[in-house]
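Asker: Here is my input; please provide its structure:
(2 chains)
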Amino acid sequence: MQKVINVNQLTKSFKNQTVLNGLSFAVKAGSVVGILGNNGAGKTTLLQTMLGYLRADSGECLIFNELSPDFSANTKHKIGYVPQEAELISWMTVEQLISYTKSFYQRWDQELVNNLLIEWQLVGSQMVDKLSVGQKQKLAIILAVAHEPELLILDEPVASLDPVSRRNFIKKLIDMNLDKERTIIFSTHITSDLERVAAEVLIVKDGMNYFHGDIDELKEKVVRLHLLAKEPLPATLPIPGLLHSRVNGRNAVVTIENFHLINMESLSQQLNARITVESLSLEDIYVELHS
Amino acid sequence: MKASLTIFAQTLRKNLLINIFGSLFLLLWIVLLISDSKHSDVNVSEVFLTLALVTQMVFLYSWSNHLRLTIQNRMNFLLPNFKFSIWLTVGLYLLITVSLPLLVGLVKNYLTFETGLLIILFGLLIITTNLHSQSLSAVLTSGSIFFMAAESSRLKKNPDASFMDYIPLSLDLLGILVIAGLLVALYFLIAQSGLKSLEKGASAQKEEFLLTKKAHTRWSQWLGFKFLQMRLSLYRSFNLIKRSLVEISLWNNQYYNLSSTRWVLLGLLSLDLLTESFAFRGFLHGIESNPNKLEYLCSVTILITLPIIAGFDNSLFARLKHCERLLWLKMPVDGFAPFKNILYRQLWISSLTDFVMTFAILFLLLIEFNLSLHISLYFVLTFVSFKLLSIILGYVSVIYEFEKFGRFMVALIYILYIVCWIVLTLKSQFQSYELLIAFGLICLTVIFAGVRKTKNYFISQLQ
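Answerer: Numbers count the residues shown, from 1 in each chain, chains lettered A, B, ... in the order given. Sure thing, here's the model as predicted:
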């Protein structure tokens, strides 16, 4: 399948702090990718550098086979972007801002706009400046999807939304992906939302691609083992890919990141222990990887 | 006691630039007083009064605005001793802006009972009205100034008349009554503000932080928004929206106060020039009728006006950055460089408009004051130097994100410039215009060379 995004060895620093450190990944058309990372891990910087809002120190990013930031008008109009903090024109009314934004585009789904305005209880005559943070975010989302982009990039889009709007928005994202095969890439802290929408996850850690792949694949790799040995276990367990361990006499609880490479039978014999495998939720995995 | 001084200390820190300008006016004022023997035929008492009122305006506008925001934040009233702290701050404001001029005036014997009352009244008027609304204060203060200007003009035309002689009341008594009224209003404003805010907060349905934040500037913002809505309607009626997409996005977050002050100045000067009825020339003639000394007063007036008109509206650069982010994915333009070119073309147009408008104000002032060619040339040079300095430093500070550095440099150069100007006019004869022109040219050269070097340095650091 055609690659919509191709990021290669992207590096970006601010003064002495390296935020992106040779990060590479690719996104296929029609995928839904969730970006996970701690605060300051570089999620926003990654999205903004990809789109050309920030200039990369080195490396490159191709979107629809065009090098960032020198996109053609056609490519730019295939992208919808919702920043973390909605960048809107505060003195306009909702209606005026929609009409102003519409002037830029050839395609515009007014029906979708009207439906979302009703659904999210936004009034056309309301002044943008008077909207709450959540309402502004909703308006930014409407403006980003109205021109029917093929690629939708969202930077923590649901952080300011109430639970009902969040659910609705996630449902909309799923519909957009299923009905129109749009590629969606979004950053978030809410792992439950990510599990609901995304099939793929990109974990950014220390400015690098720590993991990129299917969520199920990640869940198969990172698991928790419960060990019950016949004799007291050593303080340092000889298990490859060990993330964390807690040894207490003959008992131990360990988290490993490459379960698929471990031969459980031989490990059990080596430690002379009975081993039980516990599958982890995405949130647990995230916490284990970052703690 | 130390904790109660926090608000006052914050005021000084928050308005560093204004305080610097304020200090400059004070400096100018002191230098004038010291040098009164040199300009012995200038009516120093009148100059003293004018400068005292100007100083009060500069300080109090800046300070009381911060104080108003502090009072309007309803959470602050929950702090212990908050009201005492507010009263202490108001007391210190008045001590500096009212008591100091009164003290200096008494010591130097420039003060009459009437001028003393006027200084107290003006200070109280600004602070009281400002704590209620900045716009109301601006309207009342400018109204008072132009009323005094008109009165001075009337007195000049009719030497037998006296100040406000058409009022059948003792002016001293009237002044005392107004001062008493202002004190009562000040008491109620401080005592009631917190309660009002709390009531408003209880009835509000929106998030409290938003309300608090918006309450600060709602009136001026409302005016600004209405003005922009009107502009947008005009553009829509003439079908200009499609052709003005970039321009419209640049309207966001404009410094409405600065631009509206300039428009008001331009309007008044044009009106004055057309009707020759009131304001500047009449006011200055009322103070001093000696043509040589009048030129000196006119020069001081232009010097005071220069910070308003010669500075560049640097919000344009910040707006350009916002515009860049807002439009980047929307504009139907191929490539990044052509997109930037479109933005920079708009920047040029907006900069040119700023330059032409402010230069028109200076030009009208120069015509109004009928200054000699040399001194006019000197002010034009000064204006161009300041404008270019402001543009270049604004560009470096906002586009390259060295805002603090930029502001510091602008303030520093203004200080240096005005101090040099004062020293030059005092040390050499004021009539040595050639020296002033040479000084202007040196300023221009140094600014260009220095800023270019600074800019190149920062660009090399960024690459």
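Asker: Next up, the contacts around residue B:173.
Answerer: Listed by Cβ atoms under 8 Å, 6 or more residues apart in numbering or on different chains, the contact set of residue B:173 is empty. C-betas here are computed from N, CA, C, even on glycine.
Asker: separation between it and residue B:114?
Answerer: Between residue B:173 and residue B:114 the computed distance is 12 Å (Cβ to Cβ, to the nearest Å).
Asker: Can you name every helix or strand that whatever helix or strand residue B:121 lives in contacts?
Answerer: Using DSSP states H and E, the element containing residue B:121 is helix B:113-132. If contacts are counted by 3 or more Cβ pairs under 8 Å, 6 or more residues apart in numbering or on different chains; DSSP states H and E, helix B:113-132 sits against helix B:44-72, helix B:82-94, helix B:100-108, helix B:134-157, helix B:171-203.
Asker: Can you pull out the residues in contact with the third one?
Answerer: Pointing back at helix B:100-108 there. Under the criterion Cβ under 8 Å, 6+ apart, residues B:33, B:48, B:52, B:55, B:56, B:110, B:111, B:115, B:116, B:119, B:120 lie in contact with helix B:100-108.
Asker: Out of those, which two sit at the greatest distance?
Answerer: Using Cβ to Cβ, the pair of these lying farthest apart is B:33 and B:120, separated by 19.9 Å.
Asker: which of those two has more neighbours?
Answerer: Neighbour tally, residue B:33 and residue B:120, criterion other Cβ atoms under 10 Å in any protein chain shown: the higher count belongs to residue B:120, 21 against 17.
Asker: Help me confirm that the more buried one comes into contact with residue B:98.
Answerer: Yes: the criterion here is Cβ atoms under 8 Å, and residue B:120 meets it with residue B:98 at 5.6 Å.
Asker: which of the helices and strands packed on helix B:113-132 sits most buried?
Answerer: Sort the helices and strands packed on helix B:113-132 by mean neighbour count, taking mean count of other Cβ atoms under 10 Å in any protein chain shown, and helix B:44-72 sits at the top with a mean of 21.
Asker: which strands and helices sit next to it?
Answerer: Judged by 3+ Cβ pairs under 8 Å, 6+ apart, helix B:44-72 is in contact with helix B:6-14, helix B:16-34, helix B:82-94, helix B:100-108, helix B:113-132, helix B:134-157, helix B:171-203, helix B:280-287.
Asker: what does the helix holding residue B:121 contact?
Answerer: Applying Cβ under 8 Å, 6+ apart, the contact partners of helix B:113-132 are B:45, B:49, B:52-53, B:56-57, B:60-61, B:64-65, B:67-68, B:71, B:90, B:93-94, B:97-98, B:101-102, B:105, B:136-137, B:140-141, B:144, B:163, B:171-172, B:175-176, B:178-179, B:182-183, B:185-186, B:189-190, B:193.
Asker: quick one: residue A:289 and residue A:256 touch, right?
Answerer: No: when contacts are counted by Cβ under 8 Å, residue A:289 is not listed as touching residue A:256 (11.6 Å).
Asker: so what sits against both of those two?
Answerer: With Cβ under 8 Å, 6+ apart, residue A:289 and residue A:256 have common neighbours A:222, A:243.
Asker: picking up where we left off before, report the angle between the helix holding residue B:121 and helix B:100-108.
Answerer: 170 degrees (axes from the mean of the first three to the mean of the last three Cα atoms, to 10 degrees).
Asker: So what angle separates the directions of helix B:113-132 and helix B:82-94?
Answerer: For helix B:113-132 against helix B:82-94, the angle by the same axes, to 10 degrees is 140 degrees.
Asker: Show me which positions of helix B:113-132 end up buried.
Answerer: B:115-131 (16 or more other Cβ atoms under 10 Å in any protein chain shown).
Asker: Thank you kindly, that will do.
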